[in-house]
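Colleague: Got a predicted structure plus its sequence, pasted below:
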Amino acid sequence: MPLSPDSVAFMADRMRALLDAGVALTSELSLDALLQRVVEIAAELTEARYAALGVIDPTGTELERFVTTGIDPQTHAAIGDLPRGRGILGVLITDAAVLRLHDLSDDPRSVGFPPNHPPMRTFLGVPVLLRGVAYGNLYLTEKDGGADFTHEDEEIVRLLASQAAVAIENARLYESATRWSQQLESLVEVGAALARETELPNLLNLVARRLRELIGARLVLIALPREDGALRVESADGEDAAEFMGVRLDRESSKSGRVLDRGRSERLDSLLDDPEVDRDFARRMGMRAALFVPLLVGERPIGVIQAFDKLAADRRFSNDDLRLAETFAAQAGIAVDTTARVAQDALRRAVEGQELERRRLARELHDETGQALTSILLGLSPLEEAGNAVASRAAVQNLRELVVDTLRNVRRLAVELRPTALDDFGLAAALERLAENFSEQTGIAIELEAGLGQERLPSDVETVLYRLVQEALTNVVKHAHAEHVSIVLRRKEGAVTAVIEDDGRGFADGHGESGLGLVGMRERVALVNGRFRIESALNAGTTLLVEVPVP
């Protein structure tokens, strides 16, 4: 049957539109923009009110993307989650063949529509095949005027799908090349930072920011373990990042802590379905998918990277995302460990320099200044005996008292700077002198039990423990208002422990640490690879517990 002039003109217009569409599609390099353009062209060519393109996931069982046209954002929001491939949509996933229906609801394989979904009757489904493998499917509904989709519609959409398949492959290759280029650039940047960055916060922020950009995550957190065993978020980048900085995570009960202890990465497609995840916390965050990647130095876990939700319709992360995060974690683990070592070494040199300077000043005060004041005292004695005038004797006596007070203060300062007993006789003798002087000056009763044996401890360990006790006693005077202090030191195989207790007013958990010199205490103990813990409660005193390994 010959075609009418109008039909010929209509078909010619369609073919020109299809040709123009092919040119437009092959010039589009953004995959998301390309998919959107495909559904818009398909709707235009078939005069369909609604069109969609469903992208099949790597398992081949459901849809990982669903791009639409014809449905406004408000309706999208009212419908809720995008379809995964049930009912008629699932038919085209399992059977990659064209499907035309007069009425969707009449087909027994249909499962109906969710609430707030617009009504749809006429239907045309066409697979998008890439070298014989279904990449996805084009879905068209509600042809203009309520008519059924025709054989000509089917053929034109087949041709469009073929063009789209080539364009999609090109866009995927382009995005893959671009992504690998960005990944290489980021890995080079992190590697360079490893060599030059000595500030841990800057390094962690760099890793978090670059990783979030590369895997397209909504939020990336980096948590490191603290002395008390908990994890603390030290870096955050992305949506509401500031709210997560400093958040503490229980190592035993949190997902991050368990991943860190196991030393194995995990990819979660649904946070709420994992029994180890705190569901209340996940709901408050509004997160659905996540990556948990431990920071390892060899086999030693030193932190964990957490990435939440892809910035896409499908929030799940891919295996490529996981591999990239693991590559970053390997770099970051080395960087964090190196930076921590550099910082610790710098702190150790600073402390050692301080102690050397304290020792020099203490010796000068004790030997030179102290001896000079003693000589003045000896010189005053003949003047007192020779003087006849009462005023002269009184002036000499006042001068003597001033010199005695100055000498006492000089000796006290020398002891506080660096007691000679610590260098000459060891920690126990120095602490006995410290406790005796402290008790005389403050009236606070001190019980000292130094069971350290006859063998001297290493010099750096003695210095750390002495400064720790000294700082603790200073806190007792300034803050605790205690009446009694107990200091117990014990030496056991491979370690020495110190327990310092007072019966003062204490402080609530999480309060007072910044003002009590505890940060400095922790740093000093960390320099000798020791462990530091503090226990306190209001009106229940304070206990410091320290354990330092001794070769």
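Modeller: Sure, I can see it.
Colleague: Count the residues that sit near Arg131.
Modeller: Other residues near Arg131 come to 7 when the count uses other Cβ atoms under 10 Å. (C-beta placed from N, C-alpha, C; glycine too.)
Colleague: Relative to Gly54, how far out is it?
Modeller: Arg131 sits 19 Å away from Gly54, going by Cβ to Cβ, to the nearest Å.
Colleague: In which helix or strand does Leu224 reside?
Modeller: Assigned by DSSP states H and E, Leu224 falls within strand 217-225.
Colleague: and that strand, which strands flank it?
Modeller: strand 231-238 (antiparallel), strand 300-310 (antiparallel) (DSSP bridges).
Colleague: could I have the shortest one exported to CSV, CA atoms only?
Modeller: Extracted in CSV, the C-alpha atoms of strand 231-238 (Å, rounded to 0.1, in the frame of the first residue of the first chain):
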residue,chain,number,x,y,z
LEU,A,231,37.8,6.7,68.0
ARG,A,232,37.6,10.4,67.3
VAL,A,233,36.7,12.0,64.0
GLU,A,234,39.7,14.1,63.1
SER,A,235,38.8,15.1,59.6
ALA,A,236,35.5,15.5,57.8
ASP,A,237,34.7,16.7,54.3
GLY,A,238,31.3,17.1,52.6
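Colleague: So what's the gap between the very next helix or strand once past that strand and the chain middle?
Modeller: Once the chain leaves strand 231-238, the next helix or strand it forms, by DSSP H and E, is helix 241-244. In terms of Cα atoms, centre = their mean, to the nearest Å, the centre of helix 241-244 is found 10 Å from the chain centre.
Colleague: continuing past helix 241-244, what's the next helix or strand?
Modeller: Next element after helix 241-244 (DSSP H and E): strand 248-249.
Colleague: Same question for the next helix-or-strand element following that next one: list its buried residues.
Modeller: Using DSSP H and E, the helix or strand that follows strand 248-249 in sequence is helix 255-262. Buried residues in helix 255-262, counted by 16 or more other Cβ atoms under 10 Å: Lys255, Ser256, Gly257, Arg258, Val259, Leu260.
Colleague: which residue sits closest to Ala428, ignoring its sequence neighbours?
Modeller: Distances taken as Cβ to Cβ, 6 or more residues apart in numbering put Ala450 closest to Ala428, at 4.1 Å, once the chain neighbours are dropped.
Colleague: Mean neighbour count, the strands paired with strand 217-225: which tops it?
Modeller: strand 300-310 (a mean of 23; mean count of other Cβ atoms under 10 Å).
Colleague: Measure how it sits relative to helix 255-262, angle-wise.
Modeller: 140 degrees (axes from the mean of the first three to the mean of the last three Cα atoms, to 10 degrees).
Colleague: which regions of the stretch 301-450 of the chain lie under the pLDDT threshold?
Modeller: 313, 334-421 (pLDDT under 70).
Colleague: State the number of residues packed around Glu447.
Modeller: Neighbours of Glu447 using other Cβ under 10 Å come to 12.
Colleague: OK, contacts around it?
Modeller: His484, Val485, Ser486, Ile487 (Cβ atoms under 8 Å, 6 or more residues apart in numbering).
Colleague: And for Pro118?
Modeller: Tyr50, Ile71, Thr75.
Colleague: show me where the stretch 401-550 of the chain has strands.
Modeller: 445-451, 484-492, 495-502, 531-536, 542-549 (DSSP state E, counting those that start in this stretch).
Colleague: Mind putting those strands into TSV with distance to Pro114?
Modeller: Listed next are the strands of the stretch 401-550 of the chain as TSV, based on distance: least, Cβ to Cβ, whole Å:
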stretch	distance to Pro114
strand 445-451	74
strand 484-492	67
strand 495-502	64
strand 531-536	55
strand 542-549	59
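Colleague: closest to Asp107 out of those strands?
Modeller: Of all these, it is strand 531-536 that lies closest to Asp107, at 68.1 Å by Cβ to Cβ.
Colleague: Show me what the closest one packs onto, helices and strands only.
Modeller: helix 518-527, strand 542-549 (3 or more Cβ pairs under 8 Å, 6 or more residues apart in numbering; DSSP states H and E).
Colleague: Return the distance of Phe317 relative to Asp309.
Modeller: For Phe317, the distance to Asp309 equals 9 Å [Cβ to Cβ].
Colleague: Spell out which residues are contacts of both of the two.
Modeller: Ala217, Ala289, Ala290.
Colleague: Make sure the last one is actually in contact with Ile305.
Modeller: No - because the distance of 10.5 Å does not satisfy Cβ atoms under 8 Å, Ala290 is recorded as not touching Ile305.
Colleague: just to revisit the earlier point, roughly how far does the residue nearest to Ala428 sit from Val496?
Modeller: 10 Å.
Colleague: Ok, Arg262 next?
Modeller: 33 Å.
Colleague: and Gly146, what does it touch?
Modeller: Gly146 sits in contact with Arg121, Thr122, where contact means Cβ under 8 Å, 6+ apart.
Colleague: Could you measure from it over to Glu44?
Modeller: 18 Å.
Colleague: Could you find the closest non-adjacent residue to Cys531?
Modeller: Not Cys; residue 531 is Arg. Closest to Arg531 by Cβ to Cβ, 6+ apart is Glu547, at 4.9 Å.
Colleague: which helices and strands does the helix or strand that contains Leu159 pack with?
Modeller: In this structure, Leu159 sits in helix 151-196 according to DSSP H and E. Applying 3+ Cβ pairs under 8 Å, 6+ apart, we find helix 151-196 packed against helix 5-26, helix 31-46, strand 123-130, strand 133-143, helix 200-215, helix 319-363.
Colleague: tell me the angle that helix makes with strand 123-130.
Modeller: 50 degrees.
Colleague: so where is the protein shaky, pLDDT-wise?
Modeller: 1-30, 58-59, 171, 183, 186-187, 190-198, 313, 334-421, 508-517.
Colleague: Show me the residue sitting in the middle of it in space.
Modeller: Among the residues of the chain, the one closest to the centroid is Ile222, at 1.4 Å (Cα atoms, centre = their mean).
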